[in-house]
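> The following comprises the amino acid sequence and a computationally predicted model.
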Amino acid sequence: MTMNSTELTYRKTAVEGASGFGLLIALYDTLSGDLLRAADAERRNDIEKRCQEVNHATLVIGYLEDWIERSGGGELAQQLSAFYSSLRRKMIEAQIKRSAESLEEQVALVLKIREIWSAMERQKTAQMEAPEGPQTSGYPGSVSAVHHANACSWSA
């Protein structure tokens, strides 16, 4: 389940024209793909491939954490930092337990957060396209949704 040249070309083109949210979403897509490939490799007993995919996922998490550092602080940053820490821990546990299912559970959480970023991007685009008028600056529910994903990832 490695990326073929068409998929790599598509991702490269998408990233080159992406907004900040688009880049963030692309990282979440990469992370979920890494975890799915790791789960598949675990099922095939391909430990080397599983380790490669988990190692790449860990690298992507590092990029996401770096993004938090550059963006400042606040409650959302704290929630995301906790989410990434928990995700990294769950990936290690999945490898120790040799659990493809655990890796797939982490994919579901990553996709949940990805959808939040996607909704925020849609909201921002809609605000930019809207005629002059009152603009909302916040993204209601984003912090609580990340908090909910964190709660799910911490429960074992």
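In hand now; what should we look at?
> quick one, phi/psi of residue 46?
Residue 46 adopts backbone torsions of phi -100, psi 80, taken as degrees, to the nearest 10.
> got the buried residues for stretch 84-99?
84, 86-88, 90-91, 94-95 (16 or more other CB atoms under 10 Å). For every residue, glycine as well, the C-beta is placed using N, CA and C.
> should've said stretch 22-32
Buried residues in stretch 22-32 (16+ other CB under 10 Å): 22, 24-32.
> so of those, which ones are in strands?
Among these, no member falls in strands (DSSP state E).
> want to throw those into CSV with distance to residue 127?
Output for these, formatted as CSV (distance: CB to CB, whole Å):
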residue, distance to residue 127
22, 16
24, 18
25, 18
26, 22
27, 23
28, 22
29, 24
30, 27
31, 27
32, 27
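> and the helix or strand containing residue 127, what does it pack onto?
For residue 127, the element it lies in under DSSP states H and E is helix 100-129. When contacts are defined as 3 or more CB pairs under 8 Å, 6 or more residues apart in numbering; DSSP states H and E, helix 100-129 packs onto helix 20-43, helix 74-97, helix 142-154.
> Let me have those in TSV, adding mean pLDDT and distance to residue 54 as columns.
Listed next are the helices and strands packed on helix 100-129 as TSV, based on pLDDT from 0 to 100; distance: least, CB to CB, whole Å:
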stretch	mean pLDDT	distance to residue 54
helix 20-43	95	5
helix 74-97	94	5
helix 142-154	49	16
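> now for these, which one comes closest to residue 129?
Closest to residue 129 of the helices and strands packed on helix 100-129 is helix 20-43 (CB to CB; 14.8 Å).
> Buried residues in the next helix or strand after the closest one, which are they?
As assigned by DSSP H and E, the chain's next helix or strand after helix 20-43 is helix 47-71. Neighbour-count burial for helix 47-71, counted by 16+ other CB under 10 Å, picks out 49-50, 52-54, 56-58, 60-61, 64, 68.
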